[in-house]
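J.: When you get a sec, could you give me coordinates for this:
(one chain, ligands or ions: 2)
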Amino acid sequence: MLDEMSRPLIRGRPEGGASRRLEASMSDPGTPLVGILGTGDFSRSLARRLVASGYQVVVGSRTPKRSVALFPEEAEVTSQMEAASQADLVFVAVFPEHHSTLVELKPALAGKTLVDVSNGLRINLDGPSNAERLADLFPESFVVKGFNTISAWSLQMGPRDGSRQIYLCSDSSKAKSSVMQLCRRLGFIPVDMGLLSSSLDLENLPLYLFPSWRLPILCTLCLFIFFYLYNFLRDVLQPFVTTGKSAFYKMPIETVNVTLPSVALVMISLVYLPGLCAAFLQLRWGTKYNRFPNWLGPVAQQEEAVWAVQLPVCGSTRHLQSVPSHEEVCPLQTAQHGF
Ligand SMILES: NC(=O)C1=CN([C@@H]2O[C@H](COP(=O)(O)OP(=O)(O)OC[C@H]3O[C@@H](n4cnc5c(N)ncnc54)[C@H](OP(=O)(O)O)[C@@H]3O)[C@@H](O)[C@H]2O)C=CC1
Ligand SMILES: [Cu+2]
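T.: Residues are numbered from 1 along each chain as shown. Ligands and ions are numbered 1, 2, ... in the order given. So this is what the prediction gives:
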């Protein structure tokens with residue numbers, strides 16, 4: 001305690017006038033210093049979030065003098081070398097094309113955790129991933145892939161609804177768990193995706209536009225055609241054939257208008273149907289203690305995602321897949337939940 005009191009509130013500037021550090025006096029002394037290389041959009045948002053969560057932040061820039069104004073007061077903006085040597089956990093918020101310009105930091109980064117947040121510009125199926133290339137560049141550091149599926153915007157605004165999960169992977173479980181802990185402290189839900197070889201998938205993830213939307217779109221299209229034909233036969237063709245009345249003017253607007261709500265209704269009931277089937281199976285077969293059949297697997301996973309949102313306190317995303325009891329999966333004591 002005395003130690004804490006005797007520490008100066010503002011530490012001296014290391015070199016030049018550009019760097020400033022306001023000792024994060026509110027943060028507990030065990031809080032690690034987090035480094036960020038790069039001063040772009042991602043770096044700025046991350047720095048804000050880290051500072052808001054009580055971390056000490058040191059940012060490494062090629063031009064610290066110019067970048068210092070972009071960061072919150074509490075963050076120190078300094079040279080890349082200085083930042084790399086101070087922090088044990090360093091985010092590489094630099095485009096992958098420029099990773100190689102960081103090699104001179106190799107000795108300073110040895111034995112430390114490097115978080116690669118980069119994304120590719122196009123889908124890369126053959127590898128190696130940016131993270132694997134970074135790991136090759138820095139063989140003595142522990143590379144963790146993650147945060148690439150989170151936009152700078154949602155980092156800055158704080159985790160909300162859909163964008164709470166942060167996918168992470170690494171070959172070092174120690175480095176990975178330290179980044180997971182950081183995620184939790186920032187209010188996100190870390191999702192362990194395994195070894196660094198999964199990084200290719202993680203980097204491709206943001207590049208897929210509406211993944212798994214093909215089937216729903218196809219369903220919608222088929223339903224539209226079906227209902228349109230039905231309405232056409234009923235309201236246009238049938239009156240024409242039986243009474244000779246021409247109602248073809250209805251085709252572009254009226255028939256379409258009658259068709260669309262039918263399609264929407266059927267689509268929304270299709271969305272809920274698998275959940276109902278799952279509930280029925282659960283009642284009938286007691287799937288609380290059995291796995292869902294494979295064809296219902298994706299549904300169970302969707303439900304799982306819903307649960308992760310509903311139970312943000314414990315951060316557990318494994319509530320429904322094999323349906324163990326809450327106590328079995330949850331790392332928290334029941335009293336910590338507040339429900
Ligand atoms: N923006 C976003 O929403 C997201 C970004 N990402 C990833 O984060 C990384 C950074 O993105 P973002 O912050 O948007 O990019 P920016 O272009 O805004 O920033 C990149 C930063 O890299 C630094 N840098 C270091 N070396 C070089 C170099 N040789 N040439 C150019 N710049 C260099 C620069 O900082 P300085 O000049 O101070 O050295 C620059 O500010 C990327 O890999 C991106 O894929 C991931 C998820 C979301
Ligand atoms: Cu729980």
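J.: Only C-alpha atoms from now on, for both contacts and neighbour counts.
T.: Will do.
J.: Just list what the longest helix along the chain packs against, helices and strands only.
T.: Of all the segments of type helix in the chain, defined by DSSP state H, the longest one is helix 256-285. Helices and strands touching helix 256-285, by 3 or more Cα pairs under 8 Å, 6 or more residues apart in numbering; DSSP states H and E, are helix 214-232, helix 297-310.
J.: mind running it again at 7 Å?
T.: helix 214-232 (3 or more Cα pairs under 7 Å, 6 or more residues apart in numbering; DSSP states H and E).
J.: quick one: average confidence on the helix it packs on?
T.: Per-residue pLDDT over helix 214-232 has a mean of 95.
J.: quick one: that helix to helix 256-285, angle?
T.: 130 degrees (axes from the mean of the first three to the mean of the last three Cα atoms, to 10 degrees).
J.: outside of helix 214-232, which residues touch it?
T.: Contact with helix 214-232 is made by 255-256, 259, 263, as judged by Cα atoms under 7 Å, 6 or more residues apart in numbering.
J.: Work out the gap between the next helix or strand along the chain from it and the centre of the chain.
T.: In the C-terminal direction, the helix or strand that comes right after helix 214-232 (DSSP states H and E) is helix 238-243. How far helix 238-243 lies from its chain's middle: 57 Å, per Cα atoms, centre = their mean, to the nearest Å.
J.: next one: stretch 121-133
T.: Worked out by Cα atoms, centre = their mean, stretch 121-133 lies 18 Å from the chain centre.
J.: contacts for that stretch?
T.: For stretch 121-133, using Cα under 7 Å, 6+ apart, the contacting residues are 96, 116, 145, 196, 199-200, 204, 207.
J.: same question, stretch 80-100
T.: Residues from elsewhere that reach stretch 80-100 (Cα under 7 Å, 6+ apart): 33-38, 42-43, 58-62, 105, 108-109, 112-118, 130, 134.
J.: re earlier: from the contacts of stretch 121-133, which is closest to Ala47?
T.: Distance to Ala47, by Cα to Cα, is smallest for Asp116 among these, at 15.3 Å.
J.: in terms of contact, does that closest one touch Gly146 like I think?
T.: Yes. The pair Asp116 / Gly146 is scored as a contact, 6.3 Å apart, by Cα atoms under 7 Å.
J.: who's more crowded, those two?
T.: Gly146 (30 against 27; other Cα atoms under 10 Å).
J.: Can you list phi and psi of that one for me?
T.: phi 170, psi 170 (degrees, to the nearest 10).
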